[in-house]
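Sequence first, then the predicted structure, then my questions.
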Amino acid sequence: MKNKFTLYIFLFITLLISPTPVSADTAPKPTMKFNIQYETQNQITLLGGEQYQCEDKNCEEIKALGEYGPQRFTCENNSCSSLAYGYSPYQKLVLNFSDKTRESQIIHTEAFNAEFNVKVTDSSLIIEETTPITSRGRVPSFIKALIITLILELLVALIYLSITKISKRILLYVLIANVISLPIVWFLFPSIKITSLVFLMFVLSEIFAVVFEAYFIYHLNKKIISLRKSFVLSTIMNLVSLFVGGFIFSFFLMMF
């Protein structure tokens, strides 16, 4: 009874300290960062704007990047950035300044975490990609996510196992389970490129991670952990990755 009460307190504190407004996790979500450079005759200020997406290079059908969960486009000071569950092939910026609204040319990038310089002239926006070669792809971001996930989930598992007095041997299987599940979440689910199902794929990937890790840990340790406790452990670990891990990962993407 005491162990159950302690466990509930631990779960409550985990949810309480989680930065829930971020609503992100270390599953793959590409980003774009736009650094604003002014080349105008008069001094102007950035007020905000929109990032538009197109399925074709001529942008015959254009739509703004929707805002739900962590997906959004924001501007502050002299930069704008966006994070998405998935981008359309082509992008365009429309930014509002203190004098008027300006539009950019249509751009396309293959980078997972893309970076751009945006030159603001008197009449338009000129975008130039500056993504470092080391960031052109998912592998560098995946390695960062793997390190963050392993640290957080092993720490959570250690606390949980100490509270429930279950053998620390489980930590090895937590490690192995994550090494198996995270590449699937990062590379297999996103390979299903159906724009209308991007958010659904994200949700399914999270469900997969919880279920797979729970059954993996239980199946190889039936004598020392029950299926119920394995599911509780997996759920708590993935909750921490969902919120705390996502916050840390997003912070590093913005800073570096």
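Arrived safely. Numbering: from 1, shown residues only.

can you pull out the helices in the protein?
2-17, 139-164, 170-183, 198-219, 227-240, 246-255 (DSSP state H).

list the buried ones in the fifth one?
Just to be clear, that refers to helix 227-240. Lys229, Ser230, Phe231, Val232, Leu233, Ser234, Ile236, Met237, Asn238, Leu239, Val240 (16 or more other Cβ atoms under 10 Å). Quick note: C-beta positions are derived from backbone N, CA and C, even for glycine.

quick revisit: highest mean neighbour count out of the helices of the chain?
The highest mean neighbour count among these, using mean count of other Cβ atoms under 10 Å, belongs to helix 227-240: a mean of 20.

angle of it against helix 139-164?
Using axes from the mean of the first three to the mean of the last three Cα atoms, to 10 degrees, the inter-axis angle of helix 227-240 relative to helix 139-164 is 130 degrees.

got the angle for helix 227-240 vs helix 170-183?
Using the same axes, to 10 degrees: helix 227-240 against helix 170-183 is 60 degrees.

Give me the contacts around stretch 111-124.
28, 30-41, 44, 80, 93, 95, 97, 102-105, 107, 125-132, 135-138, 140-141, 253 (Cβ atoms under 8 Å, 6 or more residues apart in numbering).

Take those residues and keep only those in strands.
31-38, 80, 93, 95, 97, 102-103, 125-129 (DSSP state E).

Tell me the pLDDT of the nearest residue to Ala157 once chain neighbours are set aside.
Leaving out its chain neighbours, the residue that sits closest to Ala157 by Cβ to Cβ, 6 or more residues apart in numbering is Val174, at 4.6 Å. pLDDT for Val174: 96.

try Glu55
pLDDT for Glu55: 87.

I figured it was touching Pro89, is that so?
Yes: proximity of Glu55 to Pro89 meets the contact threshold set by Cβ atoms under 8 Å, at 6.4 Å.

residues shared between the contacts of those two?
Counting by Cβ under 8 Å, 6+ apart, Glu55 and Pro89 have no common neighbour.

Below-threshold pLDDT in the stretch 101-250 of the chain: ranges please.
Along the stretch 101-250 of the chain, the model assigns pLDDT under 70 to residues 133-138, 190-199, 245-250.

if you set the cut-off to 90 instead, what comes out?
The stretch 101-250 of the chain contains residues with pLDDT under 90 at 109-114, 131-149, 182-207, 238-250.

and the gap between the residue nearest to Ala157 and Leu239?
Val174 is 14 Å from Leu239, where distance means Cβ to Cβ, to the nearest Å.

On the strand side of things, show who Cys54 bridges to.
For Cys54, the beta-bridge assignment (DSSP bridges) gives partners Ile62, Tyr90.

For it, grab the count of nearby residues.
By other Cβ atoms under 10 Å, the residues close to Cys54 number 18.

does it really touch Tyr87, like I thought?
No: the pair Cys54 and Tyr87 fails to qualify as a contact (Cβ under 8 Å) at a distance of 10.3 Å.

At the geometric centre of this protein, which residue do we find?
The chain has Lys29 as the residue nearest its centroid, 4.2 Å off, counting by Cα atoms, centre = their mean.

Chain neighbours aside, what residue packs nearest to that one?
Leu83 (5.5 Å).

how deep is that neighbour tucked in, by neighbour count?
Leu83 has 24 nearby residues by other Cβ under 10 Å.

Can you give me the distance of it to Ser167?
Counting by Cβ to Cβ - Leu83 and Ser167 are separated by 39 Å.

ok, now Asn238?
The gap separating Asn238 from Ser167 is 21 Å, by Cβ to Cβ.

And Phe97, by the same measure?
Taken as Cβ to Cβ, the span from Phe97 to Ser167 is 62 Å.

between those two, which one's more packed in?
Phe97 (18 against 11).

Show the contacting residues for the more buried one.
Contacts of Phe97 by Cβ under 8 Å, 6+ apart are Ile44, Thr45, Leu46, Leu47, Val120.

Just the buried ones among those, please.
Buried members of the contacts of Phe97, counted by 16+ other Cβ under 10 Å: Leu46, Val120.
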